[in-house]
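J.: sequence below, structure please.
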Amino acid sequence: MTFLTAIGLLGGAGHAIAQAPAKPNVVILATGGTIASRGADSLALTDYGLSKGLQPVGVEALVTAVPEIQKFANITGEQIFNVGSSKLSIDNWLTLAKRTNEILASKNVDGVVITHGTDTLEETAYFLNLVVKSAKPVVIVGSMRPSTGMSADGPLNLVNAVALAASPSARDKGVMVSMNEVISSAFSVTKTNTTNVATFKSLDGGDLGYMQNSTPYFVAQPLKRHTVHSEFDVSNLQKLPRVDINYTTLGSDGVLVDAAVAAGAKGIVNAGVGHANMPDVTLQSLKAARQKGVAIVVGSRAMSGIVTPVGQFTEAGFVTSMMHTTQKARILLMLGLTKTSDPKELQRMFEEY
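T.: From the prediction side, this is the model:
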């Protein structure tokens, strides 16, 4: 806390006047999504935005619409892109990651908030969790309802995200997701409902904490490697290796696996049933892909649970996904392949991250 000592002339006495502590500096990086969308009326909760010819708002409008964020930090806003998260690309990810690292490297920045669509929010959060090179808070936030919707959740979500990013207690927690007054780790959070405001859950890892009256209360620490503890670096990357996902169902075959190999996939994540199980024909296609040098990660289409190494898979040179959902396993495999194609090293990564 800093103080300004002023010499008062009244009665010749000196008076110490306490000055409020300087507020942290938080940068809001806007990328689009529902939090930046508008609907035709207050009941347009699922059909809104560009599909209805309504252009998204920019970061200036977001900041202006929620003046309460100024209570917690000095705010600077920057529009990185303005795209619904179902339309994002790997190029968008690399742009966002590199810009986030540039901003966090400034001694005048204390934290970053990223506004984002919810469809792929967990994927962007986990990607940044692996490649951000700072212990400063990075908080990703979105909304399930447009700003024009009845009971819009975006304004309070944004206030809480800024308050979280401005808090010293949020340092070295990895990339966090702040939605519906819950603080989640990028590693464990996933979207579980198509429209409900309480959609984001940490089914296995548990929540990191909660926001109450815009104050963070942490109850857990992330134990998986992240941010400054990560070995991954995208500063000189212009693209990532292609990794595809094969979704296993009863009676499925290896046609999609074969197609992924033909399309140039460097890795395939197989969403198996149960503990990574699959039909024999799918297994044979995956083994053939591995023989061609394609990295194979076997996981589960189940929403929770751990997939630990199984003899038949390790013998075939496959990697098991551990506690990663299929979509997050794809992200880790893409980054892992920028370092190595050795299954043992890739398995180590899936156990550490």
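J.: going forward, measure contacts and count neighbours with C-alpha atoms only.
T.: Fine.
J.: residue boundaries of the strands in the stretch 51-200 of the chain?
T.: Assigned by DSSP state E, counting those that start in this stretch, the strands in the stretch 51-200 of the chain fall at 74-79, 111-115, 138-141, 175-179, 182-185, 189-191, 200-202.
J.: could the ones you listed go into TSV alongside mean pLDDT, mean neighbour count and distance to Pro168?
T.: What follows is these, written out as TSV (pLDDT from 0 to 100; neighbours: other C-alpha atoms under 10 Å; distance: least, C-alpha to C-alpha, whole Å):
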stretch	mean pLDDT	mean neighbour count	distance to Pro168
strand 74-79	97	16	15
strand 111-115	98	28	9
strand 138-141	98	31	12
strand 175-179	98	30	14
strand 182-185	98	27	15
strand 189-191	98	23	22
strand 200-202	97	21	23
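J.: surely Lys266 meets Val257?
T.: No - look at Lys266 against Val257 with C-alpha atoms under 8 Å: they stay out of range, at 11.7 Å.
J.: hang on, the earlier thing: with distance to Gln347 added, can I get the strands of the stretch 51-200 of the chain in JSON lines?
T.: Listed next are the strands of the stretch 51-200 of the chain as JSON lines, based on distance: least, C-alpha to C-alpha, whole Å:
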{"stretch": "strand 74-79", "distance to Gln347": "37"}
{"stretch": "strand 111-115", "distance to Gln347": "31"}
{"stretch": "strand 138-141", "distance to Gln347": "27"}
{"stretch": "strand 175-179", "distance to Gln347": "23"}
{"stretch": "strand 182-185", "distance to Gln347": "22"}
{"stretch": "strand 189-191", "distance to Gln347": "22"}
{"stretch": "strand 200-202", "distance to Gln347": "23"}
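J.: for Asp244, see how far away Ala329 is.
T.: 10 Å (C-alpha to C-alpha, to the nearest Å).
J.: list residues touching both of the two?
T.: Shared contacts of Ala329 and Asp244 (C-alpha atoms under 8 Å, 6 or more residues apart in numbering): Val269.
J.: higher neighbour count, the two?
T.: Ala329 (26 against 23; other C-alpha atoms under 10 Å).
J.: could you pull up the residues touching the more buried one?
T.: 269, 297, 321.
J.: can you map out the helices along this structure?
T.: Using DSSP state H, the helices of the chain run over residues 59-65, 90-104, 121-131, 154-165, 255-262, 280-291, 311-315, 326-336, 343-352.
J.: go through the fifth one and flag the buried ones.
T.: For helix 255-262, burial by neighbour count (16 or more other C-alpha atoms under 10 Å) applies to 256-258, 260-261.
J.: pLDDT score for the residue most central in space within the chain?
T.: In the chain, the residue lying closest to the centroid (C-alpha atoms, centre = their mean) is Ala125, at 0.9 Å. On pLDDT, Ala125 comes in at 98.
J.: next: the one 3 residues further on.
T.: Note for Leu128: predicted pLDDT of 98.
J.: which one is it nearest to, not counting chain neighbours?
T.: Ala97 (6.3 Å; C-alpha to C-alpha, 6 or more residues apart in numbering).
J.: quick one: closest of the strands of the stretch 51-200 of the chain to Arg301.
T.: strand 189-191 (13.2 Å; C-alpha to C-alpha).
J.: mind listing what that closest one pairs with, with the direction of each?
T.: Strand 189-191 pairs in its sheet with strand 200-202 (antiparallel), by DSSP bridges.
J.: now what about the strand it pairs with, what contacts it?
T.: 179, 184-185, 188-193, 207.
J.: low-confidence ranges, this structure, go.
T.: 1-20 (pLDDT under 70).
J.: ok, now which ones touch the residue nearest to Glu78 when sequence neighbours are not counted?
T.: Distances taken as C-alpha to C-alpha, 6+ apart put Leu29 closest to Glu78, at 5.0 Å, once the chain neighbours are dropped. Counting by C-alpha under 8 Å, 6+ apart, Leu29 touches 59, 77-80, 112-115.
J.: how about 7 Å then?
T.: Applying C-alpha atoms under 7 Å, 6 or more residues apart in numbering, we find Leu29 in contact with 77-80, 113-115.
J.: same question for Lys136.
T.: Lys136 makes contacts with 110-111, 171-172, as judged by C-alpha under 7 Å, 6+ apart.
J.: give me the number of residues near the nearest residue to Gly39 once chain neighbours are set aside?
T.: Using C-alpha to C-alpha, 6+ apart and skipping the chain neighbours, the partner closest in space to Gly39 is Tyr48 (4.4 Å). Number of residues near Tyr48 (other C-alpha under 10 Å) recorded here: 23.
J.: show me the contacts for Tyr48.
T.: Tyr48 makes contact with 38-40, according to C-alpha under 7 Å, 6+ apart.
J.: dump the contacts of Leu29 into a markdown table; add distance to Ala65 as well.
T.: Below are those laid out as a markdown table (distance: C-alpha to C-alpha, whole Å):
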| residue | distance to Ala65 |
| --- | --- |
| Gly77 | 13 |
| Glu78 | 15 |
| Gln79 | 16 |
| Ile80 | 19 |
| Val113 | 16 |
| Ile114 | 16 |
| Thr115 | 14 |
